[in-house]
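**Student:** Test case, fold it:
(one chain, ligands or ions: 2)
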Amino acid sequence: MTDKLKKRLKLKVSAINNGTVIDHIPSESLFKVISILGLDKLKTQVTFGFNFESEKLGNKAVVKVADVFFEDDEINKIALIAPHAKLNIIRDYEVIEKRVVEVPDRIVGIVKCFNPKCITNHEEITTHFSVVSKKPIELKCRYCEKITHEDQMVIK
Ligand code: CTP
Ligand code: ZN
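**Tutor:** Ligands and ions are numbered 1, 2, ... in the order given. Presented below is the predicted three-dimensional model:
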């Protein structure tokens, strides 16, 4: 079998002409990624698939967004839930650039504060954290100043 044919068989979601392919998303984070990036509000074509085989993740999801090119700070919002996500920038059917996501310096929403007494766990307040460590992730709450560690992180 030729490499080209192998690649075609691998392509479980149609190729796109122009736009962004976000690959290597953990399947369980797919719908969170869609809502964080607001993909459900787009008027351009969005295709996705999940529970695809992946050597690295075991199981991955892919989202293809036609005609949209994300800014770094926009895409970095998914770093906590899809740390190994890879962005492929597509022009005229070719991958012209690959980018990885990076944990941003501040996190707004997405994660719950670990402190049960924190006001954000009792009132309708969006959480705000400054990232005090990226590896392992440590988030300092703006409201109670307590640190939420990576292994305590709960996604909202
Ligand atoms: N892709 C696409 N439309 C195109 C070109 C590529 O949807 N016109 C998708 C592919 O299906 C793949 C991703 O973009 O999900 C990256 O493509 P490519 O670099 O060709 O694949 P791999 O080498 O497998 O990528 P990786 O870097 O993840 O190993
Ligand atoms: Zn807090």
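
**Student:** Report the contact partners of the closest residue to residue 83 other than its chain neighbours.
**Tutor:** Leaving aside its chain neighbours, residue 83 sits nearest to residue 101 (6.9 Å; criterion: C-beta to C-beta, 6 or more residues apart in numbering). All C-beta atoms are positioned from the backbone trio N, CA, C, and that covers glycine. By C-beta atoms under 8 Å, 6 or more residues apart in numbering, the contact list for residue 101 reads 75-76, 78-79, 82-83, 85, 87.

**Student:** Restricted to helices, list these.
**Tutor:** Counting by DSSP state H, the contacts of residue 101 place residue 75 in helices.

**Student:** Please report the distance of the residue nearest to residue 83 from residue 134.
**Tutor:** Between residue 101 and residue 134 the computed distance is 12 Å (C-beta to C-beta, to the nearest Å).

**Student:** picking that back up, which of the contacts of residue 101 fall within strands?
**Tutor:** Among those, DSSP state E puts residue 87 in strands.

**Student:** and the closest residue to residue 76 other than its chain neighbours, what is it in contact with?
**Tutor:** The shortest distance from residue 76 to any non-neighbouring residue, by C-beta to C-beta, 6+ apart, is to residue 104 (4.4 Å). Listed by C-beta under 8 Å, 6+ apart, the contact set of residue 104 reads 73, 76-77, 79, 131.

**Student:** okay if I get those residues as CSV plus distance to ligand 2?
**Tutor:** Below are the contacts of residue 104 laid out as CSV (distance: C-beta to the ion, whole Å):
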residue, distance to ligand 2
73, 23
76, 22
77, 19
79, 20
131, 14
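
**Student:** Separate out the buried members of those residues.
**Tutor:** Buried members of these, scored by 16 or more other C-beta atoms under 10 Å, are 76-77, 79, 131.

**Student:** what's the most distant pair in the residues you listed?
**Tutor:** Among the buried ones among the contacts of residue 104, the pair separated by the greatest distance (C-beta to C-beta) is 77 and 131, at 12.2 Å.

**Student:** Give me the pLDDT for the closest residue to residue 149 other than its chain neighbours.
**Tutor:** Of all residues not flanking residue 149 in the chain, residue 138 sits nearest, at 5.6 Å (C-beta to C-beta, 6+ apart). Predicted confidence (pLDDT) at residue 138: the value is 97.
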